[in-house]
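Trainee: got a predicted structure plus its sequence, pasted below:
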Amino acid sequence: MEMEVRLPGGDRVDTVVKGSIISVGGLAEKGSEGPGVEPLDLFFASLGLCAGKYVLEFCRSRNIEHKGISIRLHTLWDEEEKRHRRVTLDVYLPDSFPAKYEKALLRVIDLCSVKKHILNPPDFELRVSRL
């Protein structure tokens, strides 16, 4: 996988991912004109999106209606350490979702590839190159 990160000006930072552009930037309440989404927001969003994809595939493979399912991600901030200490995913299921699949659904979400990369992170290498 390869991504390109660009600094187009102002407070905005873009990354090109598989032909799509994702932008982050400063917050409006801090006087910025940027999109207001910060990199850490996208980090946690990727966890929720990954869980959602696994839920979608779980439902499709069992011919279960997935419309109406939602996942809410909450984090617990540790002010002393200045980091998020816990991530909680709450899965909200419509009454029509078969109760017999609830535990299996949680096991599937636990397989999320983003979560796996957090728990077993890749090695990082930083380099400087000249244009």
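Mentor: On my side now, so go ahead. Numbering: from 1, shown residues only.

Trainee: which residues touch the residue nearest the centre of the chain?
Mentor: Using C-alpha atoms, centre = their mean, the residue of the chain that lies closest to the mean C-alpha position is residue 46, 1.4 Å off. For residue 46, the contacting residues are residue 114, by C-beta atoms under 8 Å, 6 or more residues apart in numbering. For the C-beta atoms, the positions are set from N, CA and C on the backbone; glycine is no exception.

Trainee: sec struct for it, please.
Mentor: In three-state terms, and counting by DSSP: H, G, I helix; E, B strand; the rest coil, residue 46 is helix.

Trainee: looking at it now. What's its pLDDT?
Mentor: pLDDT, residue 46: 96.

Trainee: with residue 13 instead?
Mentor: Listed pLDDT for residue 13 reads 88.

Trainee: where's it relative to residue 39, distance?
Mentor: Distance of residue 13 to residue 39, given as C-beta to C-beta, to the nearest Å: 8 Å.

Trainee: beyond the helix or strand encompassing residue 15, next helix or strand please.
Mentor: Residue 15 is located in strand 12-17, with elements delineated by DSSP states H and E. Using DSSP H and E, the helix or strand that follows strand 12-17 in sequence is strand 20-24.

Trainee: which elements pack onto that next one?
Mentor: If contacts are counted by 3 or more C-beta pairs under 8 Å, 6 or more residues apart in numbering; DSSP states H and E, strand 20-24 sits against strand 12-17, helix 39-61.

Trainee: make CSV from these and add distance to residue 129 to it.
Mentor: Shown next, in CSV, are the helices and strands packed on strand 20-24 (distance: least, C-beta to C-beta, whole Å):
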stretch, distance to residue 129
strand 12-17, 17
helix 39-61, 22
